[in-house]
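Asks: Attaching a predicted model along with its sequence, questions to come.
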Amino acid sequence: MESSTPVIVAIDGPSGTGKSSTSKAVAAQLGLSYLDTGAQYRAITWWMVTNGIDTADPSAIAAAAGKPEILSGTDPEKPAITVDGFDVAGPIREQDVTSKVSAVSAVPEVRTRITELQRSIAASAVTGIVVEGRDIGTTVLPDADLKIFLTASPEARAARRSGELKGADLHATREALVKRDAADSSRKTSPLAKADDAVEVDTTDLTLQQVIECVVTLVEEKRADR
Ligand SMILES: Nc1ncnc2c1ncn2[C@@H]1O[C@H](COP(=O)(O)OP(=O)(O)OP(=O)(O)O)[C@@H](O)[C@H]1O
Ligand SMILES: Nc1ccn([C@H]2C[C@H](O)[C@@H](COP(=O)(O)O)O2)c(=O)n1
């Protein structure tokens, strides 16, 4: 592969392992685009909730899956997400969406729609792209140049999240993370999973900077091999 060929990096892993922070920094450092696929699943969930769709009814979700227009920005310095022209970057992080996103994202019609969107965004990235999520290496971009699977202990992940949500109860945060991971890992269609050819990085005892440096080195090694 020539060095001008776009480089495609897939970063997967459970919640709170550092996918977004790492992917944004790596993309910014290497001049690549960035795609947060979790934000897309959150955006479609937000639309379902806002439009009164019963998120406990997979057939109602499936029937509505094609309706919202979801646009994702790919600048790692200012990732953007809109639904039908509305900026939903804030609302998609609210607890109501977080508690429903696993159910909505398990519906096959939702996954087909969002996967098509993700592939088309990745295909149009000129210098390359870092795409983060749960099924990027296994399903969305199985031919990615580099696949990373981030992990961390539930305790470390809960501590990181509790630091973000000031005053949040550590035990409750840990339980919520573990519950969402279990739902995401056990769904039938493209569950959260490590691709066989992914490099696993346990971030439990690493600083964010160490994880970023590790991934940048892996991308540079891939590029040098071309
Ligand atoms: N190695 C690390 N050490 C300490 N804190 C970290 C590390 N990596 C990420 N963090 C912090 O943990 C929090 C969660 O990170 P981030 O949002 O990147 O995880 P994520 O895997 O994308 O989570 P989710 O899948 O839930 O969106 C952030 O506050 C981030 O700054
Ligand atoms: N490729 C992906 C990305 C995300 N999801 C689902 C499952 C997650 O719980 C949810 C929110 O993701 P987050 O913002 O926490 O990264 O979206 C998925 O199914 N596949």
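Replies: Noted; the coordinates are in hand. Ligands and ions are numbered 1, 2, ... in the order given.
Asks: List the beta-bridge partners for the residue nearest to the spatial centre of the chain.
Replies: Centroid check for the chain by CA atoms, centre = their mean gives Gly133 as the closest residue, at 2.6 Å. On the basis of DSSP bridges, Gly133 is bridged to Asp12.
Asks: OK, contacts around it?
Replies: Applying CB atoms under 8 Å, 6 or more residues apart in numbering, we find Gly133 in contact with Ile11, Asp12, Lys19, Asp36, Thr37, Gly38, Gln118, Val140. Where you see a C-beta, it was placed from the backbone N, CA and C, and this is true even at glycine.
Asks: how near is it to Lys147?
Replies: Going from Gly133 to Lys147 by CB to CB, to the nearest Å gives 12 Å.
Asks: Find residues that contact each of the two.
Replies: Ile11, Asp12.
Asks: Dump the contacts of Gly133 into TSV; add pLDDT and neighbour count as well.
Replies: As requested, the contacts of Gly133 are exported to TSV (pLDDT from 0 to 100; neighbours: other CB atoms under 10 Å):
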residue	pLDDT	neighbour count
Ile11	99	28
Asp12	98	26
Lys19	98	27
Asp36	98	24
Thr37	98	24
Gly38	98	18
Gln118	98	22
Val140	98	24
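Asks: now, which of these sits nearest ligand 1?
Replies: Lys19 (3.5 Å; CB to the nearest ligand atom).
Asks: Would you map the strands across the protein?
Replies: Using DSSP state E, the strands of the chain run over residues 7-12, 33-36, 70-72, 81-83, 86-87, 128-133, 146-151, 199-202.
Asks: Just give the number of residues close to the closest residue to Lys194 other than its chain neighbours.
Replies: Nearest non-adjacent residue to Lys194, counting by CB to CB, 6 or more residues apart in numbering: Phe149, 4.1 Å away. A count of neighbours around Phe149, defined by other CB atoms under 10 Å, yields 23.
Asks: where's Phe149 relative to Pro14, distance?
Replies: Distance from Phe149 to Pro14, by CB to CB: 9 Å.
Asks: what ranges do the helices span in this protein?
Replies: Counting by DSSP state H, one finds helices in the chain at the ranges 19-30, 37-50, 58-64, 95-105, 108-123, 154-164, 170-186, 208-224.
Asks: The closest residue in space to Ser153 that isn't next to it in sequence: what's it in contact with?
Replies: Nearest residue to Ser153, sequence neighbours excluded (CB to CB, 6+ apart): Thr204, at 4.8 Å. Thr204 makes contact with Thr151, Ala152, Ser153, Ala156, according to CB under 8 Å, 6+ apart.
Asks: Enumerate the residues of the protein near ligand 1.
Replies: 13, 15-21, 38, 160, 164, 203, 206-208, 211 (CB under 6 Å from any ligand atom).
Asks: Which two among the residues you listed are spaced furthest apart?
Replies: Gly38 and Thr207 (22.4 Å; CB to CB).
Asks: just for the protein, where's the confidence low?
Replies: By pLDDT under 70, the weakly predicted segments of the chain are 1-3, 165-167.
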